[in-house]
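Visitor: No letters, just coordinates:
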């Protein structure tokens, strides 16, 4: 049985989480529907300032497709980490869904777990984990 990117595996008599490969890309409508099903508190974005730094210049994403689907602070994070809006939204769904799956099984969702779930470099996935932790979405 699998749930949100992890499956229980028995190793040396103990149950451990095992990462499942990322599913193929989905239509933006389906992606947004799945993000909406997460019931994330968007009001928190009004009260926090992203504390995310990255080497190099931010990527200009203002003219990118699906830019309008991002909250301005999420757009700032995506731009800072040089991610397109679609990448950011996909990684948001993956990380938050995975964290909830870990939580339901009483496993902590650490930064190293986030790095294993995303098909990007470990530094970017660490920064996304930090951002989603700042928002409180990775409880």
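Guide: On my side now, so go ahead. Since we're looking at a predicted model, the values are computed, not measured. Numbers count the residues shown, from 1 in each chain.
Visitor: For residue 133, what is the enclosing helix or strand?
Guide: helix 122-135 (DSSP states H and E).
Visitor: The lengthiest helix in the chain versus helix 122-135: what angle between them?
Guide: Ordering each helix of the chain by length in residues (DSSP state H) puts helix 85-104 first. Calculated by axes from the mean of the first three to the mean of the last three Cα atoms, to 10 degrees, helix 85-104 forms an angle of 70 degrees with helix 122-135.
Visitor: which regions of the protein lie under the pLDDT threshold?
Guide: Across the chain, the ranges flagged by pLDDT under 70 are 1-13, 15-24.
Visitor: could you say what helices and strands the longest helix of the chain packs with?
Guide: strand 6-11, helix 28-37, helix 72-80, helix 111-117, helix 122-135 (3 or more Cβ pairs under 8 Å, 6 or more residues apart in numbering; DSSP states H and E). Where C-beta positions appear, they are placed from N, C-alpha and C, glycine not excepted.
Visitor: let's go with 6 Å and repeat that
Guide: helix 28-37, helix 111-117 (3 or more Cβ pairs under 6 Å, 6 or more residues apart in numbering; DSSP states H and E).
Visitor: Much appreciated, bye for now.
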